[in-house]
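J.: Pasting a predicted model and its sequence here:
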Amino acid sequence: MPDDNESACQILSLLAFGQETIGLRWKEELLHCRAIALCFRKEREFKVSIKFASKADLHHLKEFLQGRQVDNPHETIQCLDVVLRSKPSNSYEAVGRSFFHRNFGSGKLDDGLDYWKGFYQSLRPTQMGLSLNIDISARAFIEPIYVSEFVFNYLNLGDRNSPLSEQDRIKVKRALKGVKVESTYLNYTKRFNIIGVSTESTESLMFTIDTSGAQISVSEYFRQHRSIELMYPRLPAIQSGIGRPIYIPMELCKIVEGQRYSRKLNGRQVTALLQATCERPANREGAIRKMVERNNYNHDELVNREFGIQIRPELMSVEARVLPAPLLKYHDSGKLKRVRPNEGQWNMMNKKMINGGKVDFWTCVNFSGCNDDVVERFISELVATCRSRGMEFRPRPLVPTCTKPSNQIEKSLRDIHSDCLKRRKQLQLLLIILPDETGSYGLIKRVCETELGIVSQCCQPKNILKSNNHQFLENVSLKINVKVGGRNTVLEKALCRKIPFVSDRPTIIFGADVTHPQPGDESSPSIAAVVASMDWPEVTKYRALVSAQGHMEEIIQDLCINEDSGMIREHLVAFYQNNKCFPHRLIFYRDGVSEGQFYQVLLYEVDAIRKACKELQPDYQPRITFVVVQKRHHTRLFPADHRNPKTADESGNILPGTVVDTKICHPNQFDFYLCSHAGIQGTSRPAHYHVLFDENHFSANGLQMLTYSLCYTYARCTRSVSIVPPAYYAHLAAFRARYYIKGGDLSYNGSAAAGPDGVMRERVREVRALPAIMDNVKDVMFYC
């Protein structure tokens, strides 16, 4: 069958001559056996009717780019994008808007996976006209090896002659479902998709071979009828075919090259992929230039001659400003009361937290193999660090520290909680040294935060064992302080009431995000989180609320439920309890929204905020500014001179505070790119802020300075962060809430019924609510 882009061009040509029906022919291989793939070929003819849908309006596009037309001509831009994608689509493996090929670079990710390098390509409307966004990309692909070899690599099996356990068989089934393979035992190549894996091995899996009803195993069939002695008869067979299943031995099928791996990578694979694609700015810029040169758009006959499109091969030069870092305020009892960070970073040396938290009732439990002396040394050093940074931390625990077996975590936590209650004290902080093996963090957080009402701080055993690990102790003390209600630092201008659009009247700053299930999970809910500042005018303490909603649903459903409940209402009431007034101004940073969802989010979520305010008081109408924060984009900013300290840092990245709001931004809307962090590895990616709604009438500089200044108030480290902290906190809270799904299952409640085609479909799609976070936990920044 012809390629989609090629078909589109052929169809345009046919329609130009008034032809509306065209004939297509191709050979189709049909399956003709109850259990084994025997094939014959048959030529089939199809008639396809084509109707005229719309005409690309280039005049509309021109008016839009010049700011005289508000509506984005998506169809016209998409049409031009199809033209530009035609040649790459025929030459490389297309995944979304990216193209990959082994020749661009490849390597091993282990467990049956490779990575391929490639490039991202997208046509975008900007202030300077149409812009072709090109960036370097990389993706995991399934290694083109025999299916049996993939299984051994994927499961890391040393013994290839033993049958798979049921758990391993299910893992393999999930990994292989939908993968295209080609048979190697026929006289010609036959390709098909895997739809499942047999429950029995090929030596045990029986099928009827003829009309007499005689039974034979799959492995025996191949020995007798194909003269093939299977090397791994204890492996299950792969299943193909719709309706009556067809089983084929894994060792006789090879995975077709160029298939992306769409499931979640493990930690080791993610690290390997990042290391393979991590490039310094100068190297990345050079790679992008070479990619544009390789693609040679201006010599593409379709692009240049037939459509008359010209691509300028040089990178676009844009003007940028570097915003000044804000002045941070620490406690007056420290040697240094104020600090202005340099290149997005500073430290806690000679400083004390602006508001040190108070910890009277605490203890520690050790689930690791660390001995008691090591644990006691660590506790002593951590308490000393917290006290030296201005916290009121009682030296001795409420109940003695203890070591418990890692297979009794839940019971141990409940026992500690009971011991504290017997003393008529509420535990304020529980230090937990995690087990040596991974996988218990989620259980600990779920039990502590939703059942016992305990704020906890977990530490990895490897960090406990290190001596003189001052930086680790400093970072942990920062997290503990905000978890017990303290503040680490605040903006000097916040204390002086000099932050424009914030200090002049009570203001609340929201952050919101929705996290979705990992790839391959088709039933778990999406989880929404909304955080809100509670401490005007300092705006550093953020309270978090979470909720489960429909699978892959991006719009936050529980912002306003009814007149008595909803996430916005609960935050506004909490703000009133802390500040004795409702906020006059709402600034809402929304993370995780793609451009295609802007209108939908604006329509529903801003309306939900309005309704929540009105239900508090009929005449309560605070001014709203709604800003979308985008981090997953492919716009990269490179300094004109990578060695100039006025425009680049030591890594060659643009300086923290670099902001661009012209040329590459939207033709007629309020948006900007801001790099608020220092590049540590690779090339910095600026955050893209897009203002969808603004009743507060922010100036460009006013919103940019506020956003950049807030990036220095992130509680968990002494560095400015890449996206505004409320959006970052919302992401952390949503990620934390997924641990509350007991056993990893919070799927839809509903019955299923078979449709006329026999496919089972859900009738009711209801999502069970997440377990409630205990009130004392909810009121502090427990998610840090």
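T.: Thanks, I have it.
J.: remind me which residues of the stretch 251-400 of the chain are low pLDDT?
T.: Nowhere does the stretch 251-400 of the chain drop to pLDDT under 70.
J.: Which stretches in it count as strands?
T.: All strands of the stretch 251-400 of the chain, identified by DSSP state E, counting those that start in this stretch, fall at 253-255, 321-322, 328-329, 338-339, 358-359, 362-366, 392-393.
J.: Turn those strands into a markdown table, including distance to Thr635 and mean neighbour count.
T.: Where C-beta positions appear, they are placed from N, C-alpha and C, glycine not excepted. Below are the strands of the stretch 251-400 of the chain laid out as a markdown table (distance: least, C-beta to C-beta, whole Å; neighbours: other C-beta atoms under 10 Å):
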| stretch | distance to Thr635 | mean neighbour count |
| --- | --- | --- |
| strand 253-255 | 35 | 22 |
| strand 321-322 | 17 | 13 |
| strand 328-329 | 29 | 22 |
| strand 338-339 | 31 | 18 |
| strand 358-359 | 44 | 18 |
| strand 362-366 | 46 | 23 |
| strand 392-393 | 45 | 18 |
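J.: Any buried residues in stretch 558-578, and which?
T.: Of the residues in stretch 558-578, 558-561, 566-572, 574-575 count as buried by neighbour count, 16 or more other C-beta atoms under 10 Å.
J.: quick one: terminal-to-terminal distance for that stretch?
T.: One end of stretch 558-578 to the other measures 23 Å (C-alpha to C-alpha, to the nearest Å).
J.: what sits against the nearest residue to Pro583 once chain neighbours are set aside?
T.: Distances taken as C-beta to C-beta, 6 or more residues apart in numbering place Ile508 nearest to Pro583, at 3.9 Å, with adjacent residues excluded. Ile508 makes contact with Ala532, Ser533, Trp536, His571, Leu572, Phe575, Pro583, Arg585, Leu586, Ile587, according to C-beta atoms under 8 Å, 6 or more residues apart in numbering.
J.: Gly213 now?
T.: Taking C-beta under 8 Å, 6+ apart, one finds nothing in contact with Gly213.
J.: Would you confirm that it belongs to a helix?
T.: No - read with DSSP: H, G, I helix; E, B strand; the rest coil, Gly213 is coil and lies in no helix.
J.: picking that back up, quickly list what the residue nearest to Pro583 is bridged to.
T.: Note on Ile508: beta-bridge partners by DSSP bridges are Leu586.
J.: ok so, going back, least confident pick among the buried residues of stretch 558-578?
T.: Across the buried residues of stretch 558-578, the bottom pLDDT score, 92, is held by Ile561.
J.: Now that one. Its backbone dihedrals?
T.: The phi/psi pair for Ile561 (degrees, to the nearest 10) reads phi -90, psi -50.
J.: mind starting the numbering at 874 from now?
T.: Let's use 874 as the start, then, which means that last one is Ile1434.
J.: Tell me the spacing between it and Val1349.
T.: Ile1434 sits 37 Å away from Val1349, going by C-beta to C-beta, to the nearest Å.
J.: what number of residues lie near Met1164?
T.: Residues lying near Met1164 (other C-beta atoms under 10 Å) number 20.
J.: Now for it: which residues touch it?
T.: When contacts are counted by C-beta under 8 Å, 6+ apart, Met1164 touches Phe992, Ile1007, Ile1009.
J.: Which of the residues you listed has the largest number of neighbours?
T.: Going by other C-beta under 10 Å, Phe992 tops the contacts of Met1164 with 25 neighbours.
J.: Could you check which helix or strand contains that one?
T.: Secondary structure from DSSP states H and E places Phe992 in strand 986-999.
J.: In the sheet, which strands lie alongside that strand, parallel or antiparallel?
T.: strand 971-973 (antiparallel), strand 979-983 (antiparallel), strand 1002-1015 (antiparallel).
J.: circling back to that earlier point, pLDDT score for the residue nearest to Pro1456?
T.: Ile1381 is assigned 98 on the pLDDT scale.
J.: The strands of the stretch 1124-1273 of the chain into TSV, with extra columns for distance to Arg1107?
T.: Below are the strands of the stretch 1124-1273 of the chain laid out as TSV (distance: least, C-beta to C-beta, whole Å):
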stretch	distance to Arg1107
strand 1126-1128	17
strand 1194-1195	64
strand 1201-1202	64
strand 1211-1212	65
strand 1231-1232	58
strand 1235-1239	43
strand 1265-1266	59
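J.: now, which of the contacts of Ile1381 lie within helices?
T.: The helices, defined by DSSP state H, take in His1444, Leu1445, Phe1448 from the contacts of Ile1381.
J.: Can you measure across stretch 1451-1461, start residue to end residue?
T.: 19 Å.
J.: Going along the chain, name the strands of the stretch 1274-1423 of the chain.
T.: With DSSP E, counting those that start in this stretch as the criterion, the stretch 1274-1423 of the chain has strands at 1275-1276, 1302-1306, 1329-1332, 1363-1364, 1380-1388, 1399-1406, 1415-1422.
J.: Before I go, just wanted to say thanks for your time.
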